[in-house]
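Trainee: Give me coordinates for this.
(one chain, ligands or ions: 2)
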Amino acid sequence: MSDAAAKPGDSHKVARAIDALRRGWPVACGDAHAMVRILAVETADEQSLAEFDGAKPADILIGAGRAETLKLANQREAATPGAPVRIQREAWHDLAAAIAIADPAFDLNTPLKGPFHALALPQGEALAAALKLARLANLLPAVFVTEAAGGDAVTPADIAAYDDPNDLAIAARARLPVAAAETAEIIAFRHKADAAEHVALLIGTPNGKAPLVRLHSECLTGDVLASLKCDCGPQLSGAMAAMAEQGWGILLYLRQEGRGIGLVNKLRAYALQDQGFDTVDANTRLGFAVDERDFGIAAKMLKLLGQDEIRLLTNNPEKVAGLEAAGIAVRERVEHRHGENAHNERYLATKRDRTGHQL
Ligand SMILES: Nc1nc2c(ncn2[C@@H]2O[C@H](COP(=O)(O)OP(=O)(O)OP(=O)(O)O)[C@@H](O)[C@H]2O)c(=O)[nH]1
Ligand SMILES: [Zn+2]
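Mentor: Ligands and ions are numbered 1, 2, ... in the order given. Okay, here's the model as predicted:
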């Protein structure tokens, strides 16, 4: 098997695998212990599935949160919404049926009948890595899966190392006067594996004190379109105003759209919210964790800026814990409430009641 020779944490292989999944091409994933081949359900077509299936139809791998909606219990780690659940493919599971298993959008119109049979997961590590690969590709965590006999594969170790915050570096910086503050500097960061460029906006002038910091996760709908479904737009401008007023602050604009599930999946979550599910249940019904973000990236950005003691504008204790775990001392949590309206009332109530936000 050639992966014994490959260097661990091979980001080229992961990048190629992500690209392949998005294009609807099969990918081999695993190591010397267990290896599988996968094909993303969302990007498969009749022909690619027929080629992939071979003599025995490939099974379907989904996230445990989605499996719960389908009334499927996982044998392992059923409590983790993102854990893999392997469904035995039955004769009636054609591509359309597989898409209905993967995507909850049509659950209410065409309830899935089942019964579904979950299989044991002897290749658990390879299967968990396969689902992480689909998530890194911003696809639904749902893939066709079949055993692979060996050959060149992307390994769980490659995938685990792929989004390592230590691979982040400052790429460019320039003065950027903004409406909130004429004295400001923008700094762009690049990650060797990821095309998404994170940004820091330094507002005002360092004064030797712990800066006021805001971790803002990208929200195209809120930041650009002024969506009323969330509080992101007003929180963004509110953070810049607070920093300008204090004379020294750092806004981190993190390219973690939709709490890390990507724009398309966030809009799928919105469609589920139109059906009555809240923001937490919408994420888990899609097979994602409630929050897929990794605040290690933000911590690394702060360290590259020479700041390891901060005051944080947030209502989310997970942000404080995530930064502290990554070596940033959060000296103070500063409440950050902005932009409540009739459309985001339920969203904010869900944050307060179900995700521990201090609202
Ligand atoms: N998946 C998903 N993401 C959402 C939803 N609504 C907003 N978001 C995303 O949530 C992120 C905004 O989170 P933040 O502003 O960091 O808010 P927070 O984690 O609640 O914490 P604070 O605002 O700091 O208290 C953005 O990436 C949005 O795109 C939703 O219903 N589903
Ligand atoms: Zn938003």
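
Trainee: Now find how far off-centre whatever helix or strand Ile38 lives in is within its chain.
Mentor: Here Ile38 sits within strand 35-40, counting by DSSP states H and E. Remark: strand 35-40 is offset 20 Å from the chain centroid, using Cα atoms, centre = their mean, to the nearest Å.

Trainee: And for stretch 210-222?
Mentor: Offset of stretch 210-222 from its chain centre (Cα atoms, centre = their mean): 16 Å.

Trainee: mind listing what's buried in it?
Mentor: For stretch 210-222, burial by neighbour count (16 or more other Cβ atoms under 10 Å) applies to Ala210, Pro211, Leu212, Val213, Arg214, Leu215, His216, Ser217, Glu218, Cys219, Thr221, Gly222. Every C-beta, even on glycine, is put in place using the N, C-alpha and C of the backbone.

Trainee: same question, stretch 289-300
Mentor: For stretch 289-300, burial by neighbour count (16+ other Cβ under 10 Å) applies to Ala289, Val290, Asp291, Glu292, Arg293, Asp294, Phe295, Gly296, Ile297, Ala298, Ala299, Lys300.

Trainee: and what of stretch 129-147?
Mentor: Those buried within stretch 129-147 under the rule 16+ other Cβ under 10 Å are 129-146.

Trainee: Which of the residues you listed fall within strands?
Mentor: Ala142, Val143, Phe144, Val145, Thr146 (DSSP state E).

Trainee: and which of these is nearest Gln246?
Mentor: Distance to Gln246, by Cβ to Cβ, is smallest for Ala142 among those, at 46.1 Å.

Trainee: Quickly list what that closest one is bridged to.
Mentor: In this entry, Ala142 is beta-bridged to Ile62, by DSSP bridges.

Trainee: Hmm, Ile101 and it touching each other?
Mentor: Yes: applying Cβ atoms under 8 Å, one finds Ala142 in contact with Ile101, separated by 7.0 Å.

Trainee: shared neighbours of these two, which are they?
Mentor: Counting by Cβ atoms under 8 Å, 6 or more residues apart in numbering, the residues touching both Ala142 and Ile101 are Val41, Ile60, Ile62, Arg66.

Trainee: Closest one to Cys230 out of the residues you listed, please.
Mentor: Lowest distance from Cys230 to the shared contacts of Ala142 and Ile101 (Cβ to Cβ) belongs to Arg66, with 23.4 Å.

Trainee: Remind me which helix or strand Pro81 belongs to.
Mentor: Pro81 is part of no helix or strand, with elements assigned from DSSP H and E.

Trainee: Skipping adjacent residues, who's closest to it in space?
Mentor: In this structure, Pro81 finds its nearest non-sequential neighbour in Gly65, 3.4 Å apart by Cβ to Cβ, 6 or more residues apart in numbering.

Trainee: Please apply the same query to Ala241.
Mentor: The shortest distance from Ala241 to any non-neighbouring residue, by Cβ to Cβ, 6+ apart, is to Ala180 (5.4 Å).

Trainee: on that earlier part again, out of the buried residues of stretch 210-222, who's near ligand 1?
Mentor: Contacts with ligand 1 within the buried residues of stretch 210-222, counted by Cβ under 6 Å from any ligand atom: Ser217, Glu218, Cys219.

Trainee: would TSV of those with secondary structure, pLDDT and distance to ligand 2 be doable?
Mentor: Below are those laid out as TSV (DSSP: H, G, I helix; E, B strand; the rest coil; pLDDT from 0 to 100; distance: Cβ to the ion, whole Å):
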residue	secondary structure	pLDDT	distance to ligand 2
Ser217	strand	98	8
Glu218	coil	98	9
Cys219	coil	98	3
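
Trainee: Out of the residues you listed, which comes closest to Ala329?
Mentor: Nearest to Ala329 among these: Ser217, at 21.7 Å, using Cβ to Cβ.

Trainee: Mind naming the longest helix for this protein?
Mentor: Looking across the chain with DSSP state H, the single longest helix is helix 232-246.

Trainee: tell me which of the shared contacts of Ala142 and Ile101 is nearest to ligand 1?
Mentor: When the shared contacts of Ala142 and Ile101 are ranked by distance to ligand 1 (Cβ to the nearest ligand atom), Arg66 comes first, at 14.4 Å.

Trainee: Look at Ala4 and report its pLDDT.
Mentor: Ala4 is assigned a pLDDT of 43 by the prediction.

Trainee: Oops, could you answer that again for Lys7 instead?
Mentor: The per-residue pLDDT reported for Lys7 equals 56.

Trainee: Next, Ala188: secondary structure please.
Mentor: Following DSSP: H, G, I helix; E, B strand; the rest coil, the label given to Ala188 is strand.

Trainee: whoops, I mixed them up, Val213
Mentor: State at Val213, reduced to three classes by three-state DSSP: strand.

Trainee: Return the distance of it relative to ligand 2.
Mentor: According to Cβ to the ion, to the nearest Å, Val213 stands 19 Å off from ligand 2.

Trainee: No further queries at this time; thank you.
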